[in-house]
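S.K.: got a structure for you, letters missing:
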């Protein structure tokens, strides 16, 4: 993860991958995936492409046309719009109505899927934190919140509480999760952490200096996990406050790092 | 030039460059330019993109749209077609009707120029071989031959002989060079090297196993320079035959390496 990390020499045979987003400067995928390509001995490179929403259609058409361009990571604000520009959706993408990864199939078609929730769960698991049987509070029912809540439901959490200032989208998320995981115990609740084992902030509250905490964490103790999915700053005010209470804190980049293996398996399936 | 050569870690702030061609596997630009970016401390990467002629228009439109995509190297077969897809031509591109390098201007317009001939001259100069006052024979009046002959004329060679099996395009090249460099002494001649100081093969004869020599070099001696612009094989039958006669031989990749500094100055002008 140091700045001296390097990418193998590129050549005319190197296969091309890109992450598309707007803005783009903040993305971590080039570092993570170029390291993964190198670790697996794959002659490929992933570059960042700054694409505005109005240019997304042309970008996808060009991705189809360039013969050595094999895959895309899709980030904000394109995850929903791109679903209408590709040919097939995998299970998580169809469930969420949002795509964060696309690969070109042998027949030239484009298959999209979504590994955001998987990445969050794997990021926790990499630290030995399992969600099965846990009471989990998720703050935020936007794109990231939907992905995370669905993945937590798949892990057989004992109970999921969801809060969003937009009550309508909060209830839409709950209805959708109940449809896919009928056994789940999920309900809307206030942004108060007491009584939960794991707290996850899936809002952008904490990115800007002076933001309030997105959830009341007073009274939490060392048994509680407090996670944030914000990438910058890595140490959000929420995580700092949780650390002062002695909680286990879990930083945003883990969600990206947790996706890498899943996305690599998607990009390079052993049986197509 | 070793296979362990590396590129700095890529990130969301890395500026994007590409070489476009069809085929693409043979290109050397990614290795050369990524080394040049690193040597100058520039956060940029150059990748290979395999673009078919029918997709060139869409590719250029997408190049315009992607906000961190700053420049292109253009290779076979796109050098002529692309002139009609960009906004301005530099002096060499206008003279040759062919572009091999494009940069995005601050106003978003696309400026193309051609450094093939410059690269050949600089490649020789890097070995201390100057063309001023020399008698030079160029075999081939196609795209590469035109670029090389024009650049040699600019170096004030004493005499230039040109041979092409297609007499019409040979005479068109000669007419064009006389228009731009009225003082030049240039004429069509047979593919016989005797009497010339420098011989340059600008045909593809020598790429395939069993090809004949593109020029009769019998009787040459150690004072004569025999150059080839073929990249693969690096040691063409012509260069091997010239070496056996004791001539100074000059390999194809030098023309690419000779372009790098000129193209870098074009990509990153000190005064825009």
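M.R.: Arrived safely. From a predicted model like this one, the values you see are computed outputs, not experimental measurements. Residues are numbered from 1 along each chain as shown, chains lettered A, B, ... in the order given.
S.K.: list the contacts for the closest residue to residue A:80 other than its chain neighbours?
M.R.: Spatial nearest neighbour of residue A:80, excluding adjacent residues (CB to CB, 6 or more residues apart in numbering or on different chains): residue A:98 at 5.2 Å. C-beta coordinates here come from the backbone N, C-alpha and C atoms, glycine included. When contacts are counted by CB atoms under 8 Å, 6 or more residues apart in numbering or on different chains, residue A:98 touches A:79, A:80, A:83, A:114, A:143, A:146, A:147.
S.K.: now, these that are in helices?
M.R.: When the contacts of residue A:98 are checked against helices (DSSP state H), the matches are A:143, A:146, A:147.
S.K.: kindly reformat these as a markdown table containing neighbour count, distance to residue B:212 and pLDDT.
M.R.: Shown next, in a markdown table, are the ones in helices among the contacts of residue A:98 (neighbours: other CB atoms under 10 Å in any protein chain shown; distance: CB to CB, whole Å; pLDDT from 0 to 100):
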| residue | neighbour count | distance to residue B:212 | pLDDT |
| --- | --- | --- | --- |
| A:143 | 19 | 64 | 93 |
| A:146 | 26 | 68 | 97 |
| A:147 | 26 | 64 | 97 |
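S.K.: between those residues, which is nearest residue B:179?
M.R.: Nearest to residue B:179, judged by CB to CB, of these is residue A:143 at 61.3 Å.
S.K.: and the most centrally placed residue in chain A, how close does it get to residue B:94?
M.R.: In chain A, the residue lying closest to the centroid (CA atoms, centre = their mean) is residue A:116, at 2.6 Å. Distance of residue A:116 to residue B:94, computed by CB to CB, to the nearest Å: 50 Å.
S.K.: which secondary element of chain A has the worst mean pLDDT?
M.R.: strand A:6-8 (a mean of 52; mean pLDDT, DSSP states H and E).
S.K.: output the contacting helices and strands for the following helix or strand past that strand.
M.R.: With elements assigned by DSSP states H and E, the helix or strand that comes after strand A:6-8 is strand A:15-21. Secondary-structure packing of strand A:15-21 (3 or more CB pairs under 8 Å, 6 or more residues apart in numbering or on different chains; DSSP states H and E): helix A:29-39, strand A:44-50, helix A:56-65, strand A:69-74, strand B:44-50.
S.K.: run me through the strand neighbours of strand A:15-21, direction for each.
M.R.: strand A:44-50 (parallel), strand A:69-74 (parallel) (DSSP bridges).
S.K.: would you mind finding the most buried of those?
M.R.: Mean neighbour count (mean count of other CB atoms under 10 Å in any protein chain shown) peaks for strand A:44-50 among the strands paired with strand A:15-21, with a mean of 25.
S.K.: what distance separates that one from the centre of its chain?
M.R.: Strand A:44-50 sits 18 Å away from the centroid of its parent chain (CA atoms, centre = their mean, to the nearest Å).
S.K.: so residue A:138, which state does it fall into?
M.R.: Residue A:138 falls in the strand class when you classify it by DSSP: H, G, I helix; E, B strand; the rest coil.
S.K.: please apply the same query to residue A:190.
M.R.: Classified using three-state DSSP, residue A:190 is coil.
S.K.: just the strands in chain A please.
M.R.: A:6-8, A:15-21, A:44-50, A:69-74, A:88-89, A:101-104, A:110-113, A:135-139, A:159-163, A:186-188, A:198-201, A:225-228, A:248-250 (DSSP state E).
S.K.: okay, the angle between the second one and helix A:56-65?
M.R.: I take that to be strand A:15-21. Angle of strand A:15-21 versus helix A:56-65, following axes from the mean of the first three to the mean of the last three CA atoms, to 10 degrees, is 170 degrees.
S.K.: ok and strand A:15-21 relative to helix A:29-39, angle-wise?
M.R.: Counting by the same axes, to 10 degrees, strand A:15-21 lies at 160 degrees to helix A:29-39.
S.K.: pLDDT of strand A:15-21, averaged?
M.R.: Across strand A:15-21, the average pLDDT comes to 98.
S.K.: work out the gap between that strand and the centre of the chain.
M.R.: For strand A:15-21, the distance to the chain centre is 17 Å (CA atoms, centre = their mean).
S.K.: next: the last one.
M.R.: Once both centres are worked out by CA atoms, centre = their mean, strand A:248-250 turns out to sit 17 Å from its chain's centre.
S.K.: do the same with the fifth one
M.R.: A distance of 18 Å separates the centroid of the chain from that of strand A:88-89, by CA atoms, centre = their mean.
S.K.: and for stretch A:148-161?
M.R.: Using CA atoms, centre = their mean, the offset of stretch A:148-161 from its chain centre is 15 Å.
S.K.: quick one: end-to-end length of it, please.
M.R.: Terminal residues of stretch A:148-161 are spaced 12 Å apart (CA to CA, to the nearest Å).
S.K.: pLDDT of that stretch, averaged?
M.R.: For stretch A:148-161, the per-residue pLDDT averages 97.
S.K.: in it, what's buried?
M.R.: Residues of stretch A:148-161 classed as buried: A:148, A:149, A:150, A:151, A:152, A:153, A:154, A:155, A:157, A:159, A:160, A:161 (neighbour count, 16 or more other CB atoms under 10 Å in any protein chain shown).
S.K.: out of everything not next to it in sequence, what's closest to the third one?
M.R.: Just to be clear, that refers to residue A:150. Nearest to residue A:150 is residue A:117, by CB to CB, 6+ apart, at 5.4 Å.
S.K.: related to what we said a few turns ago, could you redo the strands paired with strand A:15-21 as TSV and give each row mean pLDDT?
M.R.: Compiled in TSV, the strands paired with strand A:15-21 are given as follows (pLDDT from 0 to 100):
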stretch	mean pLDDT
strand A:44-50	98
strand A:69-74	98
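S.K.: closest to residue A:233 out of those strands?
M.R.: strand A:44-50 (20.5 Å).
S.K.: identify the residues contacting the closest one?
M.R.: For strand A:44-50, the surrounding residues in contact (CB under 8 Å, 6+ apart) are A:7, A:10, A:14-24, A:27, A:29-30, A:33-34, A:37, A:59, A:70, A:73, B:10-14, B:16, B:45, B:47, B:66-69.
S.K.: wait, isn't the residue nearest to the centre of chain A in contact with residue A:259?
M.R.: Yes. Contact between residue A:116 and residue A:259 holds when scored by CB atoms under 8 Å: they sit 7.1 Å apart.
S.K.: relative to chain B, how far out is residue A:166?
M.R.: Distance, residue A:166 to chain B, by CB to the nearest CB, to the nearest Å: 29 Å.
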